[in-house]
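1. what would the 3D arrangement of this be:
(one chain, ligands or ions: 3)
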Amino acid sequence: MKIPGNFFLVGLMGAGKTTVGRALARATGKTFYDSDHEIEARTGVRIPTIFELEGETGFRGREHDVIAELVAMKDIVLATGGGAVLNPENRANLRRGGFVIYLRASVDDLYLRTAHDKNRPLLQTANPKQRLAELFEARDPLYREVADLVVDTSRQTVQHLTHQLLQQLEQKAYAHRQA
Ligand SMILES: Nc1ncnc2c1ncn2[C@@H]1O[C@H](COP(=O)(O)OP(=O)(O)O)[C@@H](O)[C@H]1O
Ligand SMILES: O=C(O)C1=C[C@@H](OP(=O)(O)O)[C@@H](O)[C@H](O)C1
Ligand SMILES: [Mg+2]
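-> Ligands and ions are numbered 1, 2, ... in the order given. Presented below is the predicted three-dimensional model:
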């Protein structure tokens, strides 16, 4: 069954937005985008380099512009960066442009999934688990504010999550305001 519209994934670092988003795009026949990958493709440098050269403010400006462009496209799956929801304009753009899925996970799981990775500048601190807990506290309400669907990803494989999402989206997407 072809499910109409765009799907946008939000959630913290390590929630699986990039991984599940890619699998969901493949399963639905939609085109996959990742706002971080798009920023890297356009600038020719990795995310940590943008943070070094332009600070978080510079990165957020680029993220805003990329998201504003991508939400206007048709039939895509977009994995956003974990901080995309901080900007009210991004939140409005995401809500306007498609069906928003919040991938949720425990701080323990988020930590295990991101601990090895040096490409997340916000977690290069003395206590990354504590940082994740603070970000969870600050952002969970914002993810909930934009979400049409909240999915708990803890102790679930990417394959199972994708299957579960497909089932729920087939049911819900038709009733969605955008359909
Ligand atoms: N449901 C899951 N179970 C186990 N590992 C996962 C799951 N989802 C993602 N991962 C792993 O966690 C890491 C971060 O995933 P990623 O898709 O980059 O998250 P995000 O884009 O939300 O930051 C990757 O190594 C990925 O393979
Ligand atoms: O949470 C954040 O503020 C960020 C999350 C990252 O994306 P992922 O959520 O895909 O890791 C990336 O956009 C950047 O490092 C900032
Ligand atoms: Mg990602």
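2. the longest strand belonging to the chain packs against which elements?
-> Secondary structure of the chain per DSSP state E: the longest strand is strand 99-104. Identification of packing neighbours for strand 99-104 by 3 or more Cβ pairs under 8 Å, 6 or more residues apart in numbering; DSSP states H and E yields strand 7-10, helix 128-146, strand 149-152, helix 158-172. (Glycine included, C-beta is placed from N, CA and C.)
3. buried residues of that strand, list them for me.
-> Neighbour-count burial for strand 99-104, counted by 16 or more other Cβ atoms under 10 Å, picks out F99, V100, I101, Y102, L103, R104.
4. element containing R42, please.
-> helix 35-43 (DSSP states H and E).
5. do you know how far the closest residue to ligand 1 within the chain is from A147?
-> When you check the chain against ligand 1 by Cβ to the nearest ligand atom, the closest residue turns out to be G16, at 2.8 Å. Distance, G16 to A147, using Cβ to Cβ, to the nearest Å: 15 Å.
6. just to revisit the earlier point, could you point out the helix or strand that follows the longest strand of the chain?
-> helix 107-114.
7. does any part of that following helix sit near ligand 3?
-> No: Helix 107-114 lies out of reach of ligand 3 by Cβ under 5 Å from the ion, never closer than 9.9 Å.
8. that helix vs helix 128-146, what angle?
-> Per axes from the mean of the first three to the mean of the last three Cα atoms, to 10 degrees, the angle that helix 107-114 makes with helix 128-146 is 110 degrees.
9. ok, back up a step: what's the least confident stretch among the helices and strands packed on strand 99-104?
-> Comparing mean pLDDT across the helices and strands packed on strand 99-104, the lowest value falls on helix 158-172: a mean of 93.
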